[in-house]
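Engineer: Pasting the sequence and the predicted coordinates here, then a few questions.
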Amino acid sequence: MKSKLFTPGPTKIPGAVLSSVGKQVLHHRTPEFSVKVRHVQDELGRLLSTRNDVLLFTCSGTAMMEAAVANLFSRGDKVICLMNGAFGERWRDICNVYGVNVVEYAVEWGQSNDPARVGELLEQHPDAKAVLVIHSETSTGALNDIKAIAKVAEGHDAVTVVDATSSVGVHEIYMDDWGVDVLVAGTQKALMTPPGISFVAINGNGWRCVTKSDLPAFYFDFTRTWKRLQSKGQTPFTPAVSLIYGLETALQMMDDEGWNEIYARHRTMGEATRAAVKALGFGILPENPVNGVTVCVCPEGIDGNQIVRTMDDDFGVRVAGGQLGLSGKVFRIGHMGGIRERDLPMVIGALELAMAKLGYKVEIGRGLSALQDVLRA
């Protein structure tokens, strides 16, 4: 049985995007393809509300995080890594590999990082060059206040570097107005495109860091990539041509729907899913939840991994388990990208049936009723 995807990424891909990905490819050094690349750059800049440079790479989101570290810093530089889940810890781990000194600011998984505490750390470490943070922490479902964090960092002459892979297209981002210096993201979540394309947007403060960096970069060299994109609308190396096709279509679909409408839709889906799982007796992990994924905390006696396996094996609905220390304690329902309100009864219905099959106490229809109450409102 082919599973229906309700994971936090990759996400369900609309048919129009799949059709674009399946088209015959253009040669990547032709003027026709350069037009597509420039169009995608412009649309991503609009989505991020920025006039800054947007650079495209063929890679995963994690590779884009590594590229940011390699291009922005030098060995021995000090940065502050904000950690409230697995991906915040990934910032730290990448910095450690490159010999960048990390000041850790970790909070309990499910909490958001406090901008005031970021300010205190910057006071204690005035030589810190940057604050590295996750906007939407997919492992815990917690949202960080990027606007406030960037404001604090700006007051201490530190650049703000944001991974927004699971927030772009879910939550509003105003890169320029918020003072975000560098933002990285991938396409496989709310941007409704298969994995393999990632991008970075970078302002003048970020470029000044690039000019001082002594860390090695070849494929991920921001300066080399910027020069080729500026001069010819091309990437230095062979891009994933078919994924650029798909991303162009996905961005057009988002433009047609309207970005305010997209943010409202994700907000509604988040509220409805949270209401449904709470009605079934599950908790919600984060204090300040994102709208793209619901992290469901299992009551005593319920194994989250069993829930995930049964929903997939028996009912063809794929959700995600908990990461690292949350394995078995939570499961995660993704509702972003190609997912629409009409898809949600499928995942909540499958959850109810899986609970019943596993012998857990459940009132069939209770979650669906709570879901529909929110959707109707």
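Structural biologist: It's in.

Engineer: So which residues of the stretch 201-350 of the chain form helices?
Structural biologist: Taking DSSP state H, counting those that start in this stretch as the test, the helices found in the stretch 201-350 of the chain are 204-212, 222-232, 241-257, 259-279, 304-315, 344-357.

Engineer: again, but for the stretch 1-150 of the chain
Structural biologist: 15-21, 31-47, 61-72, 86-97, 115-124, 146-155.

Engineer: So this structure: which segments form each domain?
Structural biologist: Domain assignment of the chain by automatic domain parsing yields the ranges 15-256, 259-376.

Engineer: With respect to K2, which of those domains lies nearest?
Structural biologist: Of all the domains of the chain, domain 259-376 sits nearest to K2, with 6.8 Å by C-beta to C-beta. The way it works is simple: take the backbone N, C-alpha and C, and place the C-beta from them, glycine included.

Engineer: Give me the distance between the two termini of the closest one.
Structural biologist: In domain 259-376, first residue to last residue: 21 Å (C-alpha to C-alpha, to the nearest Å).

Engineer: now do stretch 109-117
Structural biologist: In stretch 109-117, first residue to last residue: 16 Å (C-alpha to C-alpha).

Engineer: What are the buried residues along it?
Structural biologist: Using 16 or more other C-beta atoms under 10 Å as the test for burial, stretch 109-117 gives 109-115.

Engineer: Please apply the same query to stretch 6-20.
Structural biologist: 6-14, 17, 20.

Engineer: burial count for T249?
Structural biologist: Residues near T249, counting by other C-beta atoms under 10 Å, number 20.

Engineer: for G155, same thing?
Structural biologist: A count of neighbours around G155, defined by other C-beta under 10 Å, yields 11.

Engineer: What sits closest to it if chain neighbours are left out?
Structural biologist: Distances taken as C-beta to C-beta, 6 or more residues apart in numbering place G119 nearest to G155, at 7.4 Å, with adjacent residues excluded.

Engineer: Quick one: residues contacting that neighbour.
Structural biologist: Residues in contact with G119 (C-beta atoms under 8 Å, 6 or more residues apart in numbering) are 152, 155-156.

Engineer: Distance-wise, check it relative to D145.
Structural biologist: To D145, G119 is 13 Å away according to C-beta to C-beta, to the nearest Å.

Engineer: in terms of contact, does S112 touch I146 like I think?
Structural biologist: No - the pair S112 / I146 is not scored as a contact, 10.5 Å apart, by C-beta atoms under 8 Å.

Engineer: Highest mean neighbour count out of the helices of the stretch 1-150 of the chain?
Structural biologist: helix 61-72 (a mean of 23; mean count of other C-beta atoms under 10 Å).

Engineer: Show me what that one packs onto, helices and strands only.
Structural biologist: strand 53-58, helix 86-97, strand 159-163, strand 182-186, strand 197-202, helix 204-212 (3 or more C-beta pairs under 8 Å, 6 or more residues apart in numbering; DSSP states H and E).

Engineer: CA-only coordinates of that helix, as PDB, when you get a sec.
Structural biologist: Backbone C-alpha positions of helix 61-72 (Å, rounded to 0.1, in the frame of the first residue of the first chain) are rendered in PDB as follows:
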ATOM      1  CA  GLY A  61      19.000  21.700   4.100                       C
ATOM      2  CA  THR A  62      21.700  20.300   6.400                       C
ATOM      3  CA  ALA A  63      24.300  20.900   3.600                       C
ATOM      4  CA  MET A  64      23.100  24.500   3.400                       C
ATOM      5  CA  MET A  65      23.600  24.900   7.100                       C
ATOM      6  CA  GLU A  66      27.200  23.600   6.700                       C
ATOM      7  CA  ALA A  67      27.700  25.900   3.800                       C
ATOM      8  CA  ALA A  68      26.700  28.900   5.900                       C
ATOM      9  CA  VAL A  69      29.300  28.000   8.600                       C
ATOM     10  CA  ALA A  70      32.000  27.300   6.100                       C
ATOM     11  CA  ASN A  71      31.500  30.600   4.300                       C
ATOM     12  CA  LEU A  72      30.800  32.900   7.300                       C
END
